[in-house]
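Participant: After the sequence you'll find the predicted model.
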Amino acid sequence: MALFNVEGWSIKTKTVAFDNKTNKSSKDKKKNNRKNGKLTREQKLKEETEAELKEQVEDIPSEGSVAKDIPKKNQEKSDQNETSKKRTHDEEAPLMQVKENIEKPTKKQLTPLQQKMMAKLTGSRFRWINEQLYTISSDEALKLIKEQPQLFDEYHDGFRSQVQAWPENPVDVFVDQIRYRCMKPVNAPGGLPGLKDSKEIVIADMGCGEAQLALEINNFFKNYNKKAKKYLKRRHKVHSFDLKKANERITVADIRNVPLPDESCTIVVFCLALMGTNFLDFIKEAYRILAPRGELWIAEIKSRFSDGKGNEFVDALKLMGFFHKKTFDENKMFTRFEFFKPPAEIIEERRQKLERRQKFIEVETEKEELEKKRRKIAEGKWLLKPCIYKRR
């Protein structure tokens, strides 16, 4: 049928005729445009990245220059760190100072006038405490210090400043005496007294203050025994008694009644410690705790003796049972005394001598008279005057 023979539309034709590229539909054009746009963008990105890579490759330095630049960069970093640290430190420093100023009260330096006034106040406080301790009994003093323990510290602060002005401290004199006499055998003539069986040197420091005597003696014997041969080593013990436990060496006690057994000590020391109106009770206690042939060492201010030399004081201690060895009067500030407790055989010999001389009754009456006088007027008012400092 020729009617339907249209060129390009024949079913029998083997080839299919396509339209020209120019005759494409608008849709195809749009698709192609999109594809072309994508390609151009991709190309642009590629070109840009390639250009950047080239620049980076050109900027890479050589090995030598890298080695030179690295420390510079590190140095710059360290400098930056240091500056930042300094800044933080400088910022923190004033804050720390402010904290310290808040936490710690500011201590202003006293003017010379204020220092003078402060010294007067402490001096007057010391004089008041000193007067109290000299004009009351030992049990009242113990009660006072228990109620107001700060008085003990204030007193010894003032006492320390007083002793600094002295040419010699009696504690040092007693320590030197122990050092010197330690060179000789125990219980030998000129040597230190020791217990009969053990030869141990037992010292009781009555009214010890801050127990400086015990500290010095302990240090001395420690060093002495390190160097000494075995048979020359010394055994010793120091008991320190006072109204307050200022340190571990001290035992709190009224020194008229200390916690020691009878005849347990070989040396009893009163270093400026016969304070209070009943100090002869301290002497009785020393007699109780001293072993036979044990020694009593006393140091007292010269101004306390009514006769100026202490003869009346020595006579009173003789009536208490002690034998007088020696008085040391060369120091300007204080006088030292040495007594010893006689053994039973010497006491018996002396009693027999007094009976033969018909003086035993006289001695007994003197003892009775001393006790009668003590009951009427405390010995702290007549036998040893209270050491009261002048008010200025």
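Facilitator: It's in.
Participant: average model confidence for the longest strand anywhere in the chain?
Facilitator: Assignment by DSSP state E gives strand 290-301 as the longest strand of the chain. Mean pLDDT, strand 290-301: 97.
Participant: what do you get for stretch 308-327?
Facilitator: Mean predicted confidence for stretch 308-327 is 94.
Participant: Next, the distance between the ends of that stretch.
Facilitator: Taking C-alpha to C-alpha, to the nearest Å, stretch 308-327 runs 13 Å from one end to the other.
Participant: what helices or strands is the longest strand of the chain leaning on?
Facilitator: Strand 290-301 sits against helix 170-181, strand 265-271, strand 334-340, with contacts defined as 3 or more C-beta pairs under 8 Å, 6 or more residues apart in numbering; DSSP states H and E. Backbone N, C-alpha and C define where each C-beta goes, glycine included.
Participant: same thing but 6 Å
Facilitator: Packing partners of strand 290-301 (3 or more C-beta pairs under 6 Å, 6 or more residues apart in numbering; DSSP states H and E): strand 265-271, strand 334-340.
Participant: Where does V163 sit, in terms of helix or strand?
Facilitator: Here V163 sits within helix 150-164, counting by DSSP states H and E.
Participant: List the contacts of that helix.
Facilitator: For helix 150-164, contacts defined as C-beta atoms under 6 Å, 6 or more residues apart in numbering pick out R125, F126, I129, I145, N169, G209, K244.
Participant: sorry, back to before: name the residues of the longest strand of the chain that are buried.
Facilitator: Across strand 290-301, burial judged by 16 or more other C-beta atoms under 10 Å covers L290, A291, P292, R293, G294, E295, L296, W297, I298, A299, E300.
Participant: Equivalent analysis for stretch 268-286, please.
Facilitator: Residues of stretch 268-286 classed as buried: 268-283, 285-286 (neighbour count, 16+ other C-beta under 10 Å).
Participant: in which helix or strand would I find K372?
Facilitator: Per DSSP H and E: K372 is located in helix 360-376.
Participant: Remind me what that helix packs against, helices and strands.
Facilitator: helix 311-319.
Participant: same thing but 7 Å
Facilitator: Helices and strands touching helix 360-376, by 3 or more C-beta pairs under 7 Å, 6 or more residues apart in numbering; DSSP states H and E, are helix 311-319, helix 344-356.
Participant: Surely I298 is in contact with L272?
Facilitator: No: using C-beta atoms under 7 Å, I298 is not in contact with L272, being 9.2 Å away.
Participant: hang on, the earlier thing: and the helices and strands packed on helix 360-376, which is most packed in?
Facilitator: By mean neighbour count, with neighbours taken as mean count of other C-beta atoms under 10 Å, helix 311-319 ranks first of the helices and strands packed on helix 360-376 at a mean of 17.
Participant: Can you show me the CA trace of that one as CSV?
Facilitator: Only the C-alpha atoms of helix 311-319 are listed here, as CSV (Å, rounded to 0.1, in the frame of the first residue of the first chain):
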residue,chain,number,x,y,z
ASN,A,311,75.2,32.5,158.8
GLU,A,312,71.8,32.5,160.4
PHE,A,313,70.5,30.5,157.4
VAL,A,314,73.3,28.0,157.8
ASP,A,315,72.5,27.6,161.5
ALA,A,316,68.9,26.9,160.8
LEU,A,317,69.8,24.2,158.3
LYS,A,318,72.1,22.6,160.8
LEU,A,319,69.2,22.4,163.2
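Participant: what's the angle between that helix and strand 334-340?
Facilitator: Helix 311-319 runs at 20 degrees relative to strand 334-340, counting by axes from the mean of the first three to the mean of the last three C-alpha atoms, to 10 degrees.
Participant: ok, R181 - contacts?
Facilitator: Contacts here follow C-beta atoms under 7 Å, 6 or more residues apart in numbering; on that basis R181 touches G190, G191, L192.
Participant: Now do the SS call for the last one.
Facilitator: So the one you mean is L192. Assigned by DSSP: H, G, I helix; E, B strand; the rest coil, the conformation of L192 is coil.
Participant: export the helices and strands packed on helix 360-376 to JSON lines and tack on distance to D176?
Facilitator: Below are these laid out as JSON lines (distance: least, C-beta to C-beta, whole Å):
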{"stretch": "helix 311-319", "distance to D176": "23"}
{"stretch": "helix 344-356", "distance to D176": "29"}
